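# Fold the stuff below for me.
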Amino acid sequence: MAASQVASLTPRQRDVLQGMLAGLLNKQIAFSLGISEKTVKMHRAQLMLSLQTGTTAATVRVAVEAAFAPLFTRDHK
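Alright, predicted model coming up:
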C-alpha cells in the first residue's frame, strides 16, 4: 500500500519527499531543486494530504515502508 501511495505522488512531490527523507530543511530542499521555500512548503502539504499523513514523521515512515530512498544527504549544500 505504501508503495502505491508514493507512486501516486507527482515527480516534484517525490523530489521534496527525497529531501525530507534526507533530513534537509525546507530551505535546503528549495535550494537543491531551484524553487522557493514557499513552493517546497506547498508540495510538502500536498504530498502529506496524498499520503494521508499528518506529521513529517508519519510521512517519512510511509516513504521508508515504500522503500523510497533519498537522493540527497545532509551534507548536500
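# and the next element down the chain from whichever strand or helix holds residue 15?
Assigned by DSSP states H and E, residue 15 falls within helix 11-21. Later in the chain than helix 11-21, the nearest helix or strand by DSSP H and E is helix 26-33.
# which residues touch that next one?
Identification of contacts with helix 26-33 by C-beta atoms under 8 Å, 6 or more residues apart in numbering yields 12, 15-16, 19-20, 24, 36-37, 39-41, 44, 72, 76-77. Backbone N, C-alpha and C define where each C-beta goes, glycine included.
# helices or strands next to the next helix-or-strand element following that helix in the packing?
On the C-terminal side of helix 26-33, the closest following helix or strand by DSSP H and E is helix 37-51. Judged by 3 or more C-beta pairs under 8 Å, 6 or more residues apart in numbering; DSSP states H and E, helix 37-51 is in contact with helix 2-7, helix 11-21, helix 26-33, helix 56-65.
# For the longest one, C-alpha coordinates in PDB please.
The C-alpha trace of helix 11-21 is given here as PDB (Å, rounded to 0.1, in the frame of the first residue of the first chain):
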ATOM      1  CA  PRO A  11       7.500  14.000  -9.700                       C
ATOM      2  CA  ARG A  12       8.100  17.300  -7.800                       C
ATOM      3  CA  GLN A  13       6.400  15.900  -4.700                       C
ATOM      4  CA  ARG A  14       8.700  12.900  -4.800                       C
ATOM      5  CA  ASP A  15      11.700  15.300  -5.100                       C
ATOM      6  CA  VAL A  16      10.500  17.100  -2.000                       C
ATOM      7  CA  LEU A  17       9.900  13.800  -0.200                       C
ATOM      8  CA  GLN A  18      13.500  12.700  -1.000                       C
ATOM      9  CA  GLY A  19      14.800  15.900   0.700                       C
ATOM     10  CA  MET A  20      12.600  15.200   3.700                       C
ATOM     11  CA  LEU A  21      14.000  11.700   4.000                       C
END
